[in-house]
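Trainee: After the sequence you'll find the predicted model.
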Amino acid sequence: MAGFQMDHYHMHAYVPGQEIEKPKTKWIWKVFWILLAVTTVEVSFAFINDGGEGAKNFLPAVGEKWLFIALTLVKAYYIVFSFMHLGDEKFGFKLTVSLTTIFLIYFIALMMYEGYALRDVQMIRPNFFERVYHSGHDAGTDHGGEHAAPAHKEEAAH
Amino acid sequence: MAHSASVTSGKSVWNGGAAPFNVSYGKMMMWFFLISDAFTFSSLLISYGVMRNKAENSFWPSPDEVFNHFPFYDGHIKLAFVSLMTFILIMSSVTMVLAVEAGHRFDKKAVVKWMVWTIIGGFMFLGSQAWEWYHFIHGTDLGRATGLLNADGTEYIIHGANLSYNEYGHQLFANFFFFITGFHGSHVFSGVILNIIVLIMVMRGVMERRGHYEMVEKVGLYWHFVDLVWVFVFTFFYLI
């Protein structure tokens, strides 16, 4: 069953001493430049849109977030379909791999909404995730004396 | 070719003995593992989003103000170092795909060359991550006053972040940072180890004896996935 082990890339098994073909790498570098360009756009936009103190120059924060997510999905498409060769696979296999992640859309929407809902819970109950430094709290016992000691300042200076 | 020819017309390819997707067992299982791993990373990033939504914006640290160091540069510049890390990982993904391409042509020398570059890129990324962690753990010289006093009467100031305190703000920011980048870093590390193992196999001529370089492709899939995850971590942890 040698054929069963092979995929469509390995139609021609290796013959010792066979002639090596010339590399065809143009498409790889094309995808590299696309990935680099998209990342450069993302980073430059983060600088251009930064008005300081959380203010935005061109796009409001919400728009900026959606732009970054859209550009990230563009990069993800090129990595998965070009570098991981999913684009060369059969249609059924493409669906098997990519359609499975469709459940994430609902999961994300659900959990982001849950995050907002949890803000109201915070008002009823004390938030045990946020560390509260109250006066009765002895820093020495909880964090260990070595962090509290002045010697740590010298350590952090370098 | 071999398997599709063995299927006579009219009979279903799903009855066994054929590969309906034309993908070998090992490669398909690598894809399925990567899908499950994608769900793990998604859950981590989604839980980060939930807790960030829950927290007050003012208390959640801005990554621009936390990760603004660059080696041999005294000032603060946001996104620079993490962009460099992204570039290193994309570059190592390119060298990996070049190794896979060379494997299709049975060019052993080129496979070895590109896999060595991929491994170097992986180690460079891990080193950068260690540098990033070091600066986050040590924090700023100024630190943050807690309003508490030490036993000797001096002010208790926290520097940097760990799993029990965070100089920059919300504790969960530090916890998620260590967990998500740490989980990704451990993937990069295991990817480098797998790359080294496959490189040794290539150098010893194992793939030539097998007649194909599919093992390079499988480890390549894993490596590209690690790059893919970093693209998302970069967006959701540093950009947004």
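Mentor: Great, that's in hand.
Trainee: Tell me which other helices or strands the longest helix that chain B contains touches.
Mentor: Across chain B, the longest stretch assigned as helix under DSSP state H is helix B:171-203. Using 3 or more Cβ pairs under 8 Å, 6 or more residues apart in numbering or on different chains; DSSP states H and E as the contact test, the elements touching helix B:171-203 are helix B:25-54, helix B:108-138, helix B:214-233. Just so you know, the C-beta spots here come from the backbone N, C-alpha and C atoms, and that holds for glycine as well.
Trainee: These into JSON lines, with extra columns for mean neighbour count?
Mentor: Shown next, in JSON lines, are the helices and strands packed on helix B:171-203 (neighbours: other Cβ atoms under 10 Å in any protein chain shown):
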{"stretch": "helix B:25-54", "mean neighbour count": "17"}
{"stretch": "helix B:108-138", "mean neighbour count": "18"}
{"stretch": "helix B:214-233", "mean neighbour count": "24"}
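Trainee: What is the neighbour count of A:Phe58?
Mentor: Using other Cβ atoms under 10 Å in any protein chain shown, the number of residues around A:Phe58 comes to 10.
Trainee: Let's test this: name the helix or strand in chain B with the lowest mean pLDDT.
Mentor: Of all helical and strand segments in chain B, the minimum by mean pLDDT, DSSP states H and E falls on helix B:2-6, at a mean of 47.
Trainee: got any ranges where chain A has weak pLDDT?
Mentor: In the predicted model, chain A carries pLDDT under 70 at residues A:1-12, A:122-158.
Trainee: Sketch out the helices for chain A, chain order is fine.
Mentor: Ranges of helices in chain A, per DSSP H, are A:2-5, A:26-48, A:61-78, A:91-99, A:103-124, A:139-143, A:145-148, A:151-157.
Trainee: Now do the phi/psi pair for B:Phe70.
Mentor: Torsion angles at B:Phe70 (phi, psi; degrees, to the nearest 10) stand at phi -140, psi 140.
Trainee: so how far is chain A from it?
Mentor: For B:Phe70, the distance to chain A (Cβ to the nearest Cβ, to the nearest Å) stands at 13 Å.
Trainee: Show me the beta-bridge partners of that residue.
Mentor: Beta-bridge pairing of B:Phe70 under DSSP bridges involves B:Tyr73.
Trainee: Could you report the neighbour count for it?
Mentor: B:Phe70: 17 neighbours (other Cβ under 10 Å).
Trainee: How confident is the prediction for it, by pLDDT?
Mentor: At B:Phe70, the model reports a pLDDT of 90.
Trainee: same deal with the one 5 residues further on?
Mentor: Model confidence at B:Gly75, given as pLDDT, is 81.
Trainee: in which helix or strand would I find it?
Mentor: For B:Gly75, there is no helix or strand it lies in under DSSP states H and E.
Trainee: Was I right to think B:Met201 contacts B:Glu208?
Mentor: No: using Cβ atoms under 8 Å, B:Met201 is not in contact with B:Glu208, being 10.3 Å away.
Trainee: and B:Asn53, what is it in contact with?
Mentor: Taking Cβ atoms under 8 Å, 6 or more residues apart in numbering or on different chains as the criterion, B:Asn53 is in contact with A:Met112, A:Gly115, A:Tyr116, A:Leu118, A:Arg119.
Trainee: filter those by proximity to chain B?
Mentor: Filtering these for neighbours of chain B using Cβ under 8 Å from any Cβ of the partner chain leaves A:Met112, A:Gly115, A:Tyr116, A:Leu118, A:Arg119.
Trainee: Which one of those residues sits in the busiest neighbourhood?
Mentor: With neighbours taken as other Cβ under 10 Å, the top of the ones next to chain B among the contacts of B:Asn53 is A:Gly115, carrying 19 neighbours.
Trainee: nearest spatial neighbour of it, skipping sequence neighbours?
Mentor: Ranked by Cβ to Cβ, 6 or more residues apart in numbering or on different chains and with sequence neighbours excluded, the top spatial neighbour of A:Gly115 is B:Asn53, at 2.8 Å.
Trainee: A:Val97 now?
Mentor: Residue nearest to A:Val97 in three dimensions, not counting chain neighbours: B:Trp31, with 5.7 Å by Cβ to Cβ, 6+ apart.
Trainee: What distance do you get for the residue nearest to B:Asp37 when sequence neighbours are not counted to B:Ser24?
Mentor: Leaving aside its sequence neighbours, B:Asp37 sits nearest to B:Phe225 (Cβ to Cβ, 6+ apart; 6.8 Å). Computed as Cβ to Cβ, to the nearest Å, the B:Phe225 to B:Ser24 distance reads 18 Å.
Trainee: again with B:Ser62
Mentor: Distance, B:Ser62 to B:Ser24, using Cβ to Cβ: 47 Å.
Trainee: Give me the more crowded residue out of those two.
Mentor: Taking neighbours as other Cβ under 10 Å, B:Ser62 and B:Ser24 compare with B:Ser24 leading, 21 against 14.
Trainee: per-residue pLDDT, the closest residue to B:Ser93 other than its chain neighbours?
Mentor: Spatially, and ignoring its direct neighbours in sequence, B:Ser93 is nearest to B:Asp227 (4.2 Å; Cβ to Cβ, 6+ apart). B:Asp227 is assigned a pLDDT of 96 by the prediction.
Trainee: following the longest helix of chain B, which helix or strand shows up next?
Mentor: Once helix B:171-203 ends, the next helix or strand along the chain (criterion: DSSP H and E) is helix B:206-210.
Trainee: And that following helix, how far out from the chain middle?
Mentor: Counting by Cα atoms, centre = their mean, to the nearest Å, helix B:206-210 is centred 29 Å from the centre of its parent chain.
Trainee: pLDDT averaged over it, what's the number?
Mentor: For helix B:206-210, the mean pLDDT works out to 91.
Trainee: If you count contacts, what does it end up packed against?
Mentor: With contacts defined as 3+ Cβ pairs under 8 Å, 6+ apart, helix B:206-210 has these neighbours: helix B:108-138, helix B:214-233.
Trainee: can the ones you listed go into TSV with extra columns for distance to B:Trp14?
Mentor: Compiled in TSV, the helices and strands packed on helix B:206-210 are given as follows (distance: least, Cβ to Cβ, whole Å):
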stretch	distance to B:Trp14
helix B:108-138	35
helix B:214-233	23
